[in-house]
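>>> I'd like to go over a predicted model; first the sequence, then the structure.
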Amino acid sequence: MTDHGVVRLAEIREQDLDPVEVEKAVDGPEFGAVVVFTGKVRNHDGGQAVTSLEYSAHPQAQRFLHQVCAEAAAASGLPVAATHRIGALTIGDLAIVVAVAAPHRAEAFTVCHELVDRIKHEVPIWKRQLFADGLSEWVNACG
C-alpha cells in the first residue's frame, strides 16, 4: 500500500541538492504526473549583477519546512518532498527542489506551486545576495 498525503522528504542541507532524489521520493506507479520545481541561483536581481548567494537558516527551519510540507500533503492527499540548501552558493547552483506526485498533472502543478510559495514565505531561511559592485543585501526569501 502506498502512503498518499504524506511528506516523503523535507530537509535543509549544506550539500548539493539532487532533483532525481526528490522526484524519486514522491514517485509511484499510481501517479501519472510528477512535478519537480528547481530554483537556481541567478546572476541578477533588481537590475544588479549577482555574483553569489549565502543562505542561512533559523535553528528550527527544518521543523518549519516539514510542517509546511505536511500541511500541503494533508490538504491535497498527495505525496510531497522538498529540500533547501544553506551555505555559500554560486550562480547556477540549486537553492531549492520541490516535488509533488499526482494521478494527473493539473493537481501536481497546483500543489507544487503553492508549496514553493509557502516555503518561500513561511520557512525562516535568509538569503544574502553578493553583488558584482561589492555590496550585499539580506533578503528573507527562500527561492
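Ah, there it is.
>>> now the strands for this protein?
Using DSSP state E, the strands assigned to the chain run over residues 7-13, 33-40, 44-45, 48-57, 80-85, 87-90, 94-102, 125-131, 136-139.
>>> E54 versus S136, what's the distance?
S136 sits 8 Å away from E54, going by Cβ to Cβ, to the nearest Å. The way it works is simple: take the backbone N, C-alpha and C, and place the C-beta from them, glycine included.
>>> Give me the common contacts of these two.
Taking Cβ atoms under 8 Å, 6 or more residues apart in numbering as the criterion, S136 and E54 both touch 128, 130.
>>> got a markdown table for the strands of the chain, with distance to F64, mean neighbour count and mean pLDDT too?
Supplementary listing: those in a markdown table, determined by distance: least, Cβ to Cβ, whole Å; neighbours: other Cβ atoms under 10 Å; pLDDT from 0 to 100:
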| stretch | distance to F64 | mean neighbour count | mean pLDDT |
| --- | --- | --- | --- |
| strand 7-13 | 9 | 19 | 97 |
| strand 33-40 | 17 | 18 | 98 |
| strand 44-45 | 24 | 14 | 94 |
| strand 48-57 | 9 | 17 | 96 |
| strand 80-85 | 11 | 27 | 98 |
| strand 87-90 | 18 | 14 | 98 |
| strand 94-102 | 14 | 25 | 98 |
| strand 125-131 | 9 | 18 | 95 |
| strand 136-139 | 17 | 12 | 90 |
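>>> could the ones you listed go into TSV alongside distance to V26?
TSV is the format used below for the strands of the chain (distance: least, Cβ to Cβ, whole Å):
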stretch	distance to V26
strand 7-13	5
strand 33-40	6
strand 44-45	30
strand 48-57	23
strand 80-85	5
strand 87-90	24
strand 94-102	4
strand 125-131	22
strand 136-139	29
